[in-house]
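> What shape does this take:
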Amino acid sequence: VKESFTIVEKAELSVPLLMFVGGDVDIRAHVAMPALRQVNGGLAIRDNANVKIPLLEDVRGVVEINGNVELPTLTSVGRDLKIGVDNVELPQLVKVGGSLNVAYRAKLPYLFRIGKDLTISYAIGFTSLQYVGGRIHTWRSAELLAPRLSFVSGNPYPADVSTHCPGNLEIDASSAEQWK
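Okay, the predicted model is just below:
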């Protein structure tokens, strides 16, 4: 597919031979794309869609996850990654070129680099994260465990300024046992 396409609600679709999309993919239904490896635009999974894309490795645009998704081989997101549902697992993701916004719990065990801001709303562990190219935002009762984090470019901006001072980074590793 050279351009973008949308799969609408209440549809069930299997596209067994689609390997490449040149534009955006917007999914609002139950979809299987067993051969898709690359999306040059963005990927939006909306409205609690159920999506299986087992070979997808690279999305060059923005990825929005608001549904059930299986992306076991996704290694790179070129722009922002927005996770708006609970318990998303991206077991091979190593790089997000833009910002990462995680509204609930997620497992990203090999995430190494975030090009811009990191925003989290719950306790999350990034066991491999070393680089954040922007700010770190924490909301609600979020806790960040990032034992290998060595570079943050922007000033962290905690939501609760009464207990944290902008410009300081506080990483609480006291509950690290829960992440083992």
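
> Contacts only, for Met19.
By C-beta atoms under 8 Å, 6 or more residues apart in numbering, the contact list for Met19 reads Ala35, Leu36, Arg37, Gln38. To be clear about C-beta, it is placed using only N, CA and C from the backbone, and glycine gets the same treatment.

> Scan these and report the most crowded one.
Compared across those, Leu36 has the highest neighbour count, 23 neighbours, by other C-beta atoms under 10 Å.

> pretty sure that residue contacts Ile53?
Yes - using C-beta atoms under 8 Å, Leu36 is in contact with Ile53, at 5.2 Å.

> which of the contacts of Met19 lies closest to Ile83?
Nearest to Ile83 among those, counting by C-beta to C-beta, is Leu36 at 19.7 Å.

> in the helix or strand bottoming out on mean pLDDT in the chain, what counts as buried?
Lowest by mean pLDDT, DSSP states H and E among the helices and strands of the chain is strand 5-7, with a mean of 75. Buried positions in strand 5-7, judged by neighbour count with 16 or more other C-beta atoms under 10 Å: Ile7.

> Could I get the contacting residues of the residue nearest in space to the middle of the chain?
The structure's the chain has its C-alpha centroid closest to Leu81; by C-alpha atoms, centre = their mean the separation is 4.1 Å. By C-beta under 8 Å, 6+ apart, the contact list for Leu81 reads Val62, Val63, Ile65, Val96, Gly98, Ser99, Leu100, Asn101.

> what sits against the residue nearest to Arg79 when sequence neighbours are not counted?
Once flanking residues are discounted, Arg79 sits nearest to Gly98: 4.1 Å by C-beta to C-beta, 6 or more residues apart in numbering. Gly98 is in contact with Val62, Val77, Gly78, Arg79, Asp80, Leu81, Gly115, Lys116, counting by C-beta under 8 Å, 6+ apart.
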